[in-house]
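Visitor: okay, here's the prediction I keep looking at, along with the sequence it came from:
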Amino acid sequence: MRTLYLECDMGAAGDMLTAALLSLLPEPKVFLDQMNAIGLDGVSVSAETVSQFGISGMQMRIMVNGAEEESHDVHEHGDCEHHHASHHEHDHCGHHHTHHHEDRHGHSHASIQDVLSIIQMLDISDTVKRHACAVYQLLAEAESHAHGVPVSEIHFHEVGTMDAIADIVGVCLLLDMLQPERIVVSPISVGSGSVRCAHGILPVPAPATAYILRGVPIRRGSVEGELCTPTGAALLKYFADEFGEMPLLQTEQIGYGFGKKSFDRLNCVRVFLGETPAKSMQIAELICNVDDMTGEELGFAQEVLRNAGAREVFTVPVMMKKNRPGVMLVCLCVAEQEAEMIRLIFRHTSTIGIRKHLCERYTLEYQIDQRNTEYGKIRTKIASGFGVIKTKTEYEDIAEIARAHDLTLRELREKINTEA
């Protein structure tokens, strides 16, 4: 399965995510040309290769009416960006305004409906439009909750809005070009300390960011400042299939998307693109030890568990207290069957305690291929995935033929392989 893993040890902002994904493309110019032709008035998008601590990566430059938006916070850290007002310090905490469409500096503001209308007019696919609108809806809902006003009264500073639309549409377009089947995001570093906005000094994460990241694993870390912006949070929340540590991954490409601030460590979103096993699921491993059951009783218990849907049941000889020989019974089942399997183990064995481990189970995709041989039809299971192909003839087929022709299984397999 084609899997994208995003490592957010230094948080995430819209431009960092765009740069990281762009670095995975073999021809970045294709994306940049398309972004500059979608019809986003006054906006030009470019990228440059930069180096931090000897590591090369991509950094975005988004110009709105010939100027690149700046960002500030109390500690001059983080990548508080684009969708938070401009360098006039209107609002780093989500950049919400109500009622007024022009501020004291003469800058106009856009409502959420204005923003969605702009996106719908862009020269991009309906899929990219749908994703971009959904991400912006998350932002508007977070601002609405943070400021206690209806979504319809949320307004975004014009310059910051165009910058943020470029980031959001850019990420949506890049993911549409890369076509990952699964997106996994690491726990997100949000930073610490305070951030300055139009409403005053607020704690990190900013209220809108904190609201978006409900249910998402986050960490503060030692860096002071806003590392994860509302735009970055909304993009990650919307696109992530799951959050957690890196899955088992055969990496094909690695990309780095740098932020604008300088730290004593690499300030980037790092992305990994590669293959994970075709299928994976969480398996519960239920274990108990017994030393006072007969072989028939243990066999019957295993049969009951298998008939109830256990993925596997087996026993292992163990030594128990007072050097008594015993048996460790192991039952593997999917998480949804866990309660029923525990009930059956208690009912059909003498144990009074069960241990549980949760495991990730990976399996290859397989299909059954049937071919004609001089001995008849034989089915072969072909399993593949993660760069591996395995084949195995079905036991029942070759066993039946071996009996009919007075052959051993080894002799029959050799004859079949020679014929192939």
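Guide: In hand now; what should we look at?
Visitor: give the residue spans of the chain that score low on pLDDT.
Guide: 69-109, 157-160, 197-199, 277-280, 419-420 (pLDDT under 70).
Visitor: beta partners of the residue nearest the centre of it?
Guide: In the chain, the centroid-proximal residue (Cα atoms, centre = their mean) is Val184; its distance is 1.6 Å. Taking DSSP bridges as the rule, Val184 bridges to Tyr5, Glu242.
Visitor: pretty sure Leu174 sits against Leu21.
Guide: Yes. In terms of Cβ atoms under 8 Å, Leu174 counts as a neighbour of Leu21; the distance is 4.0 Å. C-beta coordinates here come from the backbone N, C-alpha and C atoms, glycine included.
Visitor: tell me the spacing between Ile218 and Lys261.
Guide: Using Cβ to Cβ, to the nearest Å, one obtains 19 Å as the distance from Ile218 to Lys261.
Visitor: same thing with Ile212?
Guide: For Ile212 relative to Lys261 (Cβ to Cβ), the value is 21 Å.
Visitor: show me the contacts for Gln302.
Guide: 313-315, 329 (Cβ atoms under 8 Å, 6 or more residues apart in numbering).
Visitor: now rank these by neighbours and give me the top one.
Guide: Leu329 (24 neighbours; other Cβ atoms under 10 Å).
Visitor: tell me the contacts of that one?
Guide: 287-290, 298, 301-302, 313, 315, 345, 349, 351.
Visitor: try Gly244
Guide: The contact partners of Gly244, by Cβ under 8 Å, 6+ apart, come to 184, 186-187, 217.
Visitor: take those residues and keep only those in strands.
Guide: Val184 (DSSP state E).
Visitor: which residues in the stretch 1-150 of the chain form helices?
Guide: Counting by DSSP state H, counting those that start in this stretch, the segments of the stretch 1-150 of the chain that form helices are 14-22, 28-35, 112-121, 126-147.
Visitor: ok, and what's touching the third one?
Guide: Put plainly, it is helix 112-121. Outside of helix 112-121, the residues within contact range by Cβ under 8 Å, 6+ apart are 39-40, 110, 129, 132-133, 136-137, 140, 151-152, 154, 156, 161, 165, 169.
Visitor: which of those sits closest to Ile368?
Guide: Nearest to Ile368 out of those is Lys129 (Cβ to Cβ; 42.1 Å).
Visitor: surely the closest one and Tyr136 touch.
Guide: No. In this structure Lys129 lies outside contact range of Tyr136 using Cβ under 8 Å: 10.7 Å.
Visitor: who has more neighbours, these two?
Guide: Neighbour count, other Cβ under 10 Å: between Lys129 and Tyr136, Tyr136 has more, with 25 against 17.
Visitor: what bridges to the closest residue to Ser23 other than its chain neighbours?
Guide: Excluding its sequence neighbours, the residue lying closest to Ser23 (Cβ to Cβ, 6 or more residues apart in numbering) is Gly255, at 3.4 Å. Assessed by DSSP bridges, Gly255 has beta-bridge partners Val271.
Visitor: what distance do you get for Gly255 to Val271?
Guide: Distance of Gly255 to Val271, given as Cβ to Cβ: 5 Å.
Visitor: give me the more crowded residue out of those two.
Guide: The neighbour count for Gly255 versus Val271, taken as other Cβ under 10 Å, is higher for Val271 (25 against 21).
Visitor: on that earlier part again, from the contacts of Leu329, pick the one nearest Ser192.
Guide: Ile287 (41.6 Å).
Visitor: neighbours around that closest one, how many?
Guide: If you count neighbours by other Cβ under 10 Å, Ile287 ends up with 17.
Visitor: do the same with the one 3 residues further on
Guide: The burial count assigned to Val290 is 20, neighbours taken as other Cβ under 10 Å.
Visitor: for it, list the residues it contacts.
Guide: When contacts are counted by Cβ under 8 Å, 6+ apart, Val290 touches 298, 326-327, 329, 349-351.
Visitor: can you redo those residues as JSON lines with distance to Gln120?
Guide: Shown next, in JSON lines, are the contacts of Val290 (distance: Cβ to Cβ, whole Å):
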{"residue": "Leu298", "distance to Gln120": "65"}
{"residue": "Gly326", "distance to Gln120": "68"}
{"residue": "Val327", "distance to Gln120": "66"}
{"residue": "Leu329", "distance to Gln120": "60"}
{"residue": "Thr349", "distance to Gln120": "62"}
{"residue": "Ser350", "distance to Gln120": "67"}
{"residue": "Thr351", "distance to Gln120": "62"}
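Visitor: show me these that map onto strands.
Guide: Residues of those located in strands (DSSP E): 326-327, 329.
Visitor: can you list the residue ranges for helices in the stretch 151-300 of the chain?
Guide: All helices of the stretch 151-300 of the chain, identified by DSSP H, counting those that start in this stretch, fall at 158-178, 207-212, 230-239, 295-307.
Visitor: can you mark which positions in the first one are buried?
Guide: By neighbour count, with 16 or more other Cβ atoms under 10 Å as the criterion, the buried positions of helix 158-178 are 158-175, 178.
Visitor: next: stretch 122-141.
Guide: So stretch 122-141, judged by 16+ other Cβ under 10 Å, has buried residues 122, 124, 128-129, 131-133, 135-141.
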